[in-house]
Each structure stands twice: as structure tokens, then as C-alpha cells.
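# Quick check, what structure comes out for this input:
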Amino acid sequence: MRRSERKIERIINYRRVLIKLERAGETNIFSHQLSALTNATPAQIRRDLMEMDTSGSPAHGYVVKDLIKSINNYIGADKEQVAIIGLGNLGKAITNYVNGSSENLKIVAGFDIKSEKVNRVVAGCHSYHLQDFEKIAKERGIKTVILTVPVRVAQDVAEQVTKAGVRGILNYAPVNLHLSDDIYVENRDMISAVEKVAYFSDH
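Presented below is the predicted three-dimensional model:
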């Protein structure tokens with residue numbers, strides 16, 4: 001059974017906050033303190049952490065480093081291999097940001113069809129021709145892909161990568177992808193998002 005999207009979003013948010021606390025030298029935290037730094041209630045946090053077989057001490061709360069480890073194990077953060085398809089300005093910016101900011105998530109391969117963007121290294125990520133996707137995906141165990149391709153090819157590329165074993169797609173192309181129900185798709189239409197913000201900033 002697929003876990004709740006909201007629950008996974010909460011847990012990922014806990015980890016982001018906990019990593020910052022660990023870097024700041026914090027060793028322990030109580031659920032009400034974590035609640036103040038996230039959008040979850042103390043009771044919701046305790047339920048989420050109990051599901052990961054993690055418990056705190058009434059006197060000392062939770063151990064920050066142990067919580068981070070439990071969350072990583074729960075969501076498989078140390079196992080996931082991610083690829084990006086489309087190495088234009090947006091694709092390169094995302095690769096640089098992710099590989100320069102995240103300790104738990106790395107883009108391990110990039111793909112494009114333009115010869116000038118192939119056989120290069122971007123933010124430590126080697127780029128390949130899209131025709132080699134299936135071979136590289138199998139070698140690297142890639143199950144997650146970020147799409148930053150033009151609208152006209154987004155559906156075809158999505159179908160190509162899912163046939164090669166990809167089960168999750170973060171889609172930046174402003175188009176709805178039509179894929180089987182067992183493929184998880186998260187859409188990031190930046191134009192619509194900016195238009196929404198612009199609307200509410202004016203009303």
C-alpha cells in the first residue's frame with residue numbers, strides 16, 4: 001500500500017529541520033519543539049515517529065541524530081538514485097542546487113539529445129545521450145527522474161523512462177502526463193505557480 005503523501009511530506013520536512021538543528025549543535029528535541037518548527041502538531045509528530053519504531057524520553061525527548069537515521073531508513077533516502085532529463089538552463093540549475101545542497105539526495109546522471117550537452121559533467125553529474133537511458137538506468141538503479149524537457153516531447157520521454165523501470169517522475173513540463181496508475185508523478189508548473197502568487201498578491 002502506498003503511504004500517505006501528506007505523511008511523507010511531513011516526515012521529509014522533519015528531516016530537513018532536524019538536519020539544520022544537528023548542524024547547529026542540537027542533540028535532543030521534544031515533539032512540541034519540532035512542532036513549533038514545522039506545520040505538524042505534537043500529537044501528529046509522535047504518531048509519525050512511532051510508526052518508524054522511534055520513541056523519545058520524557059526527560060530528554062528524541063535524539064536528533066537517531067531521528068535523522070530513522071527517517072532515512074523509513075523513506076529509503078540512502079538508496080534512491082535520481083536522474084534528470086533535459087540539461088537546459090533549468091535542468092542545470094536544478095542539478096547544481098540539488099547536488100550542492102542535499103546530503104541525502106543526489107542526481108547521479110543527466111540526459112539530453114543535443115550533442116553539445118552530452119559527455120559533460122554538471123555539478124558532479126555525468127551527462128549521457130537519452131538513447132542510452134535504459135542501459136544507464138539499469139546500471140545505476142535509477143527509479144526516479146526529474147523532467148525538464150519541452151512540452152512537445154514530455155509524454156514520449158515519460159513513456160520511455162517508465163518502460164526502463166522508472167516509477168516516479170518530478171515533471172517540470174507544463175503538461176499533464178498520462179501514465180499508468182502505478183507511476184507516481186509530481187507536477188511543478190512554475191508559470192502557473194507564479195501566476196497564482198501574482199493573483200493573490202494583487203487581491
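# Give the buried residues for the lengthiest helix in the chain.
If you go by DSSP state H, the chain has its longest helix at helix 5-23. Buried residues in helix 5-23, counting neighbours by 16 or more other CB atoms under 10 Å, are found at 10, 11, 14, 15, 17, 18, 19, 21. For the C-beta atoms, the positions are set from N, CA and C on the backbone; glycine is no exception.
# Sort out which one of those residues lies nearest residue 122 for me.
residue 19 (24.4 Å; CB to CB).
# correct me, but that closest one touches residue 68?
Yes - between residue 19 and residue 68 there is a contact under CB atoms under 8 Å: 6.3 Å.
# Mutual contacts of those two, please.
Counting by CB atoms under 8 Å, 6 or more residues apart in numbering, residue 19 and residue 68 have no shared contacts at all.
# Isn't residue 121 up against residue 127?
Yes - using CB under 8 Å, residue 121 is in contact with residue 127, at 7.3 Å.
# okay, now the domains of this protein?
5-74, 82-194 (automatic domain parsing).
# could you give the mean pLDDT of the longest one?
Within the predicted structure, the mean pLDDT of domain 82-194 is 91.
# quick one, strands of the chain?
28-29, 62-63, 82-85, 107-112, 121-122, 125-129, 144-147, 168-171, 184-187 (DSSP state E).
# quick one: the helices in the chain?
Counting by DSSP H, the chain has helices at residues 5-23, 31-37, 42-51, 64-75, 89-101, 133-140, 151-163, 190-201.
# winner for burial among the strands of the chain?
Highest mean neighbour count among these (mean count of other CB atoms under 10 Å): strand 82-85, with a mean of 25.
# What is it packed up against?
helix 89-101, strand 107-112, helix 133-140, strand 144-147 (3 or more CB pairs under 8 Å, 6 or more residues apart in numbering; DSSP states H and E).
# For the ones you listed, give me CSV that also has distance to residue 174.
Formatted as CSV, the helices and strands packed on strand 82-85 follow (distance: least, CB to CB, whole Å):
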stretch, distance to residue 174
helix 89-101, 12
strand 107-112, 19
helix 133-140, 22
strand 144-147, 11
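# With respect to residue 32, which of the ones you listed lies nearest?
helix 89-101 (28.3 Å).
# so how far is that closest one from its chain's centroid?
Mean-position distance between helix 89-101 and its chain equals 13 Å (CA atoms, centre = their mean, to the nearest Å).
# Ok, stretch 24-39 next?
How far stretch 24-39 lies from its chain's middle: 22 Å, per CA atoms, centre = their mean.
# Just the endpoints, please. Distance across that stretch?
Terminal residues of stretch 24-39 lie 21 Å apart, using CA to CA, to the nearest Å.
# Pull out the buried positions in it.
Within stretch 24-39, the residues that count as buried by 16+ other CB under 10 Å are 28, 29, 30, 31, 33, 34, 35.
# now that stretch: mean pLDDT?
93.
# Residues in contact with that stretch: which ones?
Under CB under 8 Å, 6+ apart, the answer for stretch 24-39 is 10, 13-14, 17-18, 21, 40-43, 45-46, 49, 56, 60-65, 67.
# Tally up the residues packed near residue 193, please.
10 (other CB atoms under 10 Å).
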